[in-house]
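[1] Any chance you could fold what I've pasted below:
(chains A and B)
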Protein chains: 2
Amino acid sequence: MKRFDIFGTLKKDMDVIEKELYLSVEGDSPELTETSLHLLRAGGKRLRPVFVLMGGKFGDYDIDKLKHVAVPLELIHSASLVHDDVIDDADTRRGKPTVKAKWDNRIAMYTGDYIYGKALQLTTHLKQPEIHQILAKAMVEMSIGEMEQIRDFFNTEQDVRRYLLRIRRKTSLLIAVSCQLGALAADADRKVANSLYRFGYNVGMAFQIQDDLLDLCGTEKQIGKPPGSDMRQGNITLPVIFALEDSQRREPLLQELERIHALNGQCDVSDAVKLVTSSEGISRSEALADRYISKALAALDTLPDIKTKKQLRDIANFITKRSY
Amino acid sequence: MKRFDIFGTLKKDMDVIEKELYLSVEGDSPELTETSLHLLRAGGKRLRPVFVLMGGKFGDYDIDKLKHVAVPLELIHSASLVHDDVIDDADTRRGKPTVKAKWDNRIAMYTGDYIYGKALQLTTHLKQPEIHQILAKAMVEMSIGEMEQIRDFFNTEQDVRRYLLRIRRKTSLLIAVSCQLGALAADADRKVANSLYRFGYNVGMAFQIQDDLLDLCGTEKQIGKPPGSDMRQGNITLPVIFALEDSQRREPLLQELERIHALNGQCDVSDAVKLVTSSEGISRSEALADRYISKALAALDTLPDIKTKKQLRDIANFITKRSY
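    Residues are numbered from 1 along each chain as shown, chains lettered A, B, ... in the order given. Purely as a prediction, here's the structure:
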């Protein structure tokens, strides 16, 4: 999914957001400006700002207001990524060296703290206290989600519910909030904002499941790192949980996961990947992602019929177009 | 300096703040609640909340409003400490195991993120946008200060100005802001809030210089860790910068610092400590701390003559009462 492929009409305003993003991290510290710009320039789909702008289309669309929500949301997402890379000991992201690889863990940590602070500073331009409350809650929930992910590393006893709760916090809430805050910042109808929240939440769930599927089923070229990175790291995703429910695969898969754990992920994981990809874990995960997409589409039903509604539908449908 | 020794009359409200602090980090994540409570229960002087309450005395003092500034400020301070401990690889703080030692670095990082988020959530109870702006700016400046500290590790060419700029960001601004926001949250006169800011800023500078002196001149019992921890870590503080200006001590001290650097601080630092403590670095640093205290006291001059004014004066004078 390239950045602007499906967002043609928003392209001009997304260019504004891109510039504002870079400006937002410039400041008194040449070091932190450099590390932050490195992180932001490495790219990304800018999904959260796109959803903010689209949410704004349901109210009094004003890019000068919306940017004060769109930029902080992307910053919060980016700060969480740079902290993630420390945890995951990741050397590349989006094909470029991570902050922790190019500099070090300590610098990556303070880069994250700095970007969180900058995000917070920008939101103070907005006068609606509700927006601050929603953003602050999203930050708290995200850190809980990250913590749950660490807690559940190599936990082969976790069930689907636990996985879903975790990705809800880690991914879906921030996407839900992006859609909702775009509408609220544009003074859209509260019911519209709530529907957009539901849309974003369900799209976010499908998006994360899809991302977890891609890590197992994609090629190295597609995903920018070798398949099975999640398992290597101990992150037990939905397809793996489903594969562990398969009585034929359970034992060999448990053994493989134990071996990977014992070797701290410094080993070949292709057998474990094959055990999962040859199981029903893939189709069951796909079916669940599709169900979330259906719920996302249903959330759009009550929205007024503007062009953006069709575009949101297109995004939702795009997510489940599988390329592996 | 014990927590309540000099704050007798504020004791009841500080008990409220203490309870609110613990409540503030309780939430959906048992893990993050536990790590955060561990951090907060380890204690601390609660200097920032005390200054908030004292600032509030210059306006319409209302603990129910003031707590929404006092608690976030202590949380921001605590979050920065838990991230600091990761950087410093510190195993104890205030005589108790750090979060990173009791759990691990990853958990310490997310505990910090969680506490920052919780701080932010609490401030949304306050309706004055100015308070949010000041807090957000303080967070950004603090992370710049932390980054500058890393950048300047083992940099023996840094001058006094650079040291002062660094501790300004790392320590003084948050103390300045504590005094100022207490006044603003209580709708005190803006001039009063500004004077309190200047008071806090100068007290903060003196406080950090004093803390850096104590790390060199204190006993292990007094400081809870062996003297010279700053040098071991590469943190070149004011007394060391002054000692390096002493032509007799410069060369041997440079050699010692180079050795400590080469051994990553895993060595005896007592020779280096002695070179500094026997130099004029100590008296020159004390003189500078005293100058900041004089400025802090001068900032109080314009304030209305209430009991709190005298208490603030007592705190300022207390800081330079040296026990080493």
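[2] Now find how far off-centre stretch A:34-50 is within its chain.
    Chain-centre distance of stretch A:34-50: 13 Å, with C-alpha atoms, centre = their mean, to the nearest Å.
[3] Could I have the CA atoms of it written out in CSV?
    Output of stretch A:34-50 as CSV, limited to C-alpha atoms (Å, rounded to 0.1, in the frame of the first residue of the first chain):
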residue,chain,number,x,y,z
GLU,A,34,18.4,15.1,13.2
THR,A,35,17.3,11.8,14.8
SER,A,36,13.6,12.7,14.6
LEU,A,37,13.9,13.8,11.0
HIS,A,38,15.7,10.6,10.2
LEU,A,39,12.8,8.7,11.6
LEU,A,40,10.1,10.7,9.9
ARG,A,41,11.9,10.8,6.5
ALA,A,42,12.1,7.0,6.5
GLY,A,43,8.5,7.3,5.4
GLY,A,44,5.4,5.3,6.3
LYS,A,45,1.9,5.3,5.0
ARG,A,46,0.8,8.3,7.0
LEU,A,47,-2.4,6.4,7.6
ARG,A,48,-3.3,8.3,10.7
PRO,A,49,-3.1,11.8,9.2
VAL,A,50,-5.0,10.6,6.1
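[4] what is the rounded mean pLDDT of it?
    On average, the pLDDT along stretch A:34-50 is 91.
[5] what's the burial count for residue A:184?
    25 (other C-beta atoms under 10 Å in any protein chain shown). To be clear about C-beta, it is placed using only N, CA and C from the backbone, and glycine gets the same treatment.
[6] should've said residue A:167
    22.
[7] could you point out which element follows the host helix or strand of it?
    If you go by DSSP states H and E, residue A:167 is part of helix A:160-167. The first helix or strand that comes after helix A:160-167 along the chain, using DSSP H and E, is helix A:173-185.
[8] Run the contact check for that next one versus chain B.
    No - using C-beta under 8 Å from any C-beta of the partner chain, helix A:173-185 stays clear of chain B, coming no nearer than 12.0 Å.
[9] got the CA positions of that helix in CSV?
    C-alpha atoms of helix A:173-185 as CSV (Å, rounded to 0.1, in the frame of the first residue of the first chain):
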residue,chain,number,x,y,z
LEU,A,173,-7.3,2.6,19.1
LEU,A,174,-5.0,5.1,17.6
ILE,A,175,-6.5,4.6,14.1
ALA,A,176,-10.0,4.8,15.6
VAL,A,177,-9.1,8.0,17.4
SER,A,178,-7.6,9.4,14.1
CYS,A,179,-10.9,9.1,12.3
GLN,A,180,-12.9,10.4,15.3
LEU,A,181,-10.6,13.4,16.1
GLY,A,182,-10.6,14.5,12.4
ALA,A,183,-14.4,14.8,12.7
LEU,A,184,-14.4,16.4,16.2
ALA,A,185,-11.7,19.0,15.1
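[10] Now find how far off-centre the helix holding residue A:167 is within its chain.
    15 Å.
[11] Now do it: which elements does it pack against?
    helix A:129-151, helix A:190-217, helix A:238-244 (3 or more C-beta pairs under 8 Å, 6 or more residues apart in numbering or on different chains; DSSP states H and E).
[12] Please identify which of those is closest to chain B.
    Closest approach to chain B among these is made by helix A:129-151 (3.8 Å; C-beta to the nearest C-beta).
[13] Distance check, residue A:119 against chain B.
    Residue A:119 is 9 Å from chain B, where distance means C-beta to the nearest C-beta, to the nearest Å.
[14] okay, now that residue: neighbour count?
    Neighbours around residue A:119, by other C-beta under 10 Å: 26.
[15] now the strand or helix carrying it and helix A:129-151, what's the angle there?
    Secondary structure assignment for residue A:119, by DSSP H and E: helix A:105-123. Going by axes from the mean of the first three to the mean of the last three C-alpha atoms, to 10 degrees, helix A:105-123 is angled at 160 degrees with respect to helix A:129-151.
[16] still on that earlier bit, switch the helices and strands packed on helix A:160-167 over to CSV; also include mean neighbour count and distance to chain B.
    Formatted as CSV, these follow (neighbours: other C-beta atoms under 10 Å in any protein chain shown; distance: least, C-beta to the nearest C-beta, whole Å):
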stretch, mean neighbour count, distance to chain B
helix A:129-151, 21, 4
helix A:190-217, 22, 17
helix A:238-244, 24, 21
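[17] And those: which comes nearest residue B:286?
    Across the helices and strands packed on helix A:160-167, residue B:286 has its closest neighbour in helix A:129-151 (41.5 Å, C-beta to C-beta).
[18] Could you export stretch A:285-301 as CSV, keeping only the C-alpha atoms?
    Provided in CSV are the C-alpha atoms of stretch A:285-301 (Å, rounded to 0.1, in the frame of the first residue of the first chain):
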residue,chain,number,x,y,z
SER,A,285,-7.1,-15.3,10.4
GLU,A,286,-8.1,-14.0,7.0
ALA,A,287,-11.7,-14.7,7.8
LEU,A,288,-11.4,-12.8,11.0
ALA,A,289,-9.8,-9.8,9.2
ASP,A,290,-12.6,-9.9,6.7
ARG,A,291,-15.2,-9.9,9.5
TYR,A,292,-13.6,-6.7,10.9
ILE,A,293,-13.7,-5.1,7.5
SER,A,294,-17.4,-6.0,7.2
LYS,A,295,-18.0,-4.3,10.6
ALA,A,296,-16.0,-1.3,9.4
LEU,A,297,-18.1,-1.0,6.3
ALA,A,298,-21.3,-1.3,8.3
ALA,A,299,-20.1,1.6,10.5
LEU,A,300,-20.1,3.8,7.4
ASP,A,301,-23.7,3.1,6.6
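[19] Mean confidence (pLDDT) on it, please.
    97.
[20] what's near enough to touch residue A:220?
    Residue A:220 is in contact with A:226, A:227, counting by C-beta atoms under 8 Å, 6 or more residues apart in numbering or on different chains.
[21] now with 6 Å?
    Residues in contact with residue A:220 (C-beta atoms under 6 Å, 6 or more residues apart in numbering or on different chains) are residue A:226.
[22] how near is it to chain B?
    26 Å.
[23] What are the structural domain limits within chain A?
    As given by the TED database, the domain ranges for chain A are A:1-126, A:128-323.
[24] how about a markdown table for those, with distance to residue B:310 added?
    Converted to a markdown table, the domains of chain A look like this (distance: least, C-beta to C-beta, whole Å):
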| stretch | distance to residue B:310 |
| --- | --- |
| domain A:1-126 | 35 |
| domain A:128-323 | 37 |
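[25] ok so, going back, relative to residue B:317, which of the helices and strands packed on helix A:160-167 is closest?
    Of those, nearest to residue B:317 by C-beta to C-beta is helix A:129-151, at 38.5 Å.
[26] got the CA coordinates for that closest one in CSV?
    Listed next in CSV are the C-alpha coordinates belonging to helix A:129-151 (Å, rounded to 0.1, in the frame of the first residue of the first chain):
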residue,chain,number,x,y,z
PRO,A,129,-10.5,19.7,26.0
GLU,A,130,-12.2,16.6,24.7
ILE,A,131,-9.5,16.2,22.0
HIS,A,132,-6.7,16.4,24.6
GLN,A,133,-8.5,13.8,26.7
ILE,A,134,-8.9,11.4,23.8
LEU,A,135,-5.3,11.8,22.8
ALA,A,136,-3.9,11.3,26.3
LYS,A,137,-6.0,8.2,26.8
ALA,A,138,-4.8,6.8,23.4
MET,A,139,-1.2,7.3,24.6
VAL,A,140,-1.8,5.4,27.8
GLU,A,141,-3.6,2.6,26.1
MET,A,142,-0.8,2.3,23.5
SER,A,143,1.8,1.9,26.2
ILE,A,144,-0.3,-0.7,27.9
GLY,A,145,-0.6,-2.6,24.6
GLU,A,146,3.2,-2.5,24.1
MET,A,147,3.7,-3.8,27.7
GLU,A,148,1.2,-6.6,27.0
GLN,A,149,3.1,-7.5,24.0
ILE,A,150,6.3,-7.9,26.0
ARG,A,151,4.4,-9.8,28.7
